[in-house]
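*Asks:* I would like to see how this sequence folds:
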Amino acid sequence: MPGQWAGSTRRDTLPPDWAERVAQVKARDRGRCQWPEHGTTCGQPGRDVDHIHGRHNHSLTNLRLLCGWHHDRKSSAEGNATRVRHTNRRPPEPHPGLRPPPEEPPPF
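*Replies:* Residues are numbered from 1 along each chain as shown. Got it, this is the predicted structure:
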């Protein structure tokens with residue numbers, strides 16, 4: 001089964017020192033998920049380094065460690081928010097009382 005990164009060019013956008021940044025974030029966050037929950041943090045063992053705002057800002061202040069559960073849900077929500085939804089439904093017709101009156105045909 002292919003991984004989530006199969007066919008992705010995401011790694012190409014990461015800085016050359018990405019592995020060092022990951023190590024710094026894991027050490028700073030003490031290996032624990034930093035997802036905010038009820039005035040504290042999740043605290044479960046961290047698995048993934050997450051970009052808080054914008055996937056192209058790789059500064060340490062924009063990175064945090066998340067457990068798999070929180071990272072998967074955040075990534076899914078971001079993906080769903082950017083997905084274009086198509087529908088085959090017709091647009092709803094206005095109420096007959098709100099329609100403009102039909103145009104009268106021109107006299108011949």
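
*Asks:* which elements pack onto the helix ranked longest in the chain?
*Replies:* Criterion DSSP state H: the longest helix present in the chain is helix 68-82. Counting by 3 or more Cβ pairs under 8 Å, 6 or more residues apart in numbering; DSSP states H and E, the packing neighbours recorded for helix 68-82 are strand 48-51. (Each C-beta comes from the backbone N, C-alpha and C, glycine too.)

*Asks:* hey, C-alpha coordinates of the strand it packs on in PDB?
*Replies:* The C-alpha trace of strand 48-51 is given here as PDB (Å, rounded to 0.1, in the frame of the first residue of the first chain):
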ATOM      1  CA  ASP A  48       4.500  14.700  13.500                       C
ATOM      2  CA  VAL A  49       5.900  18.200  13.200                       C
ATOM      3  CA  ASP A  50       3.000  20.400  12.100                       C
ATOM      4  CA  HIS A  51       3.000  23.800  10.400                       C
END
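
*Asks:* thinking again about what came up before, which residues touch the longest helix of the chain?
*Replies:* With contacts defined as Cβ atoms under 8 Å, 6 or more residues apart in numbering, helix 68-82 is touched by 33, 35, 42, 44, 47-48, 50, 66.

*Asks:* between those residues, which sits nearest Ala19?
*Replies:* When these are compared for distance to Ala19 (Cβ to Cβ), Asp48 wins out at 14.0 Å.

*Asks:* once you drop chain neighbours, what's closest to the closest one?
*Replies:* Closest residue to Asp48 apart from its sequence neighbours, by Cβ to Cβ, 6 or more residues apart in numbering: His71 at 4.1 Å.
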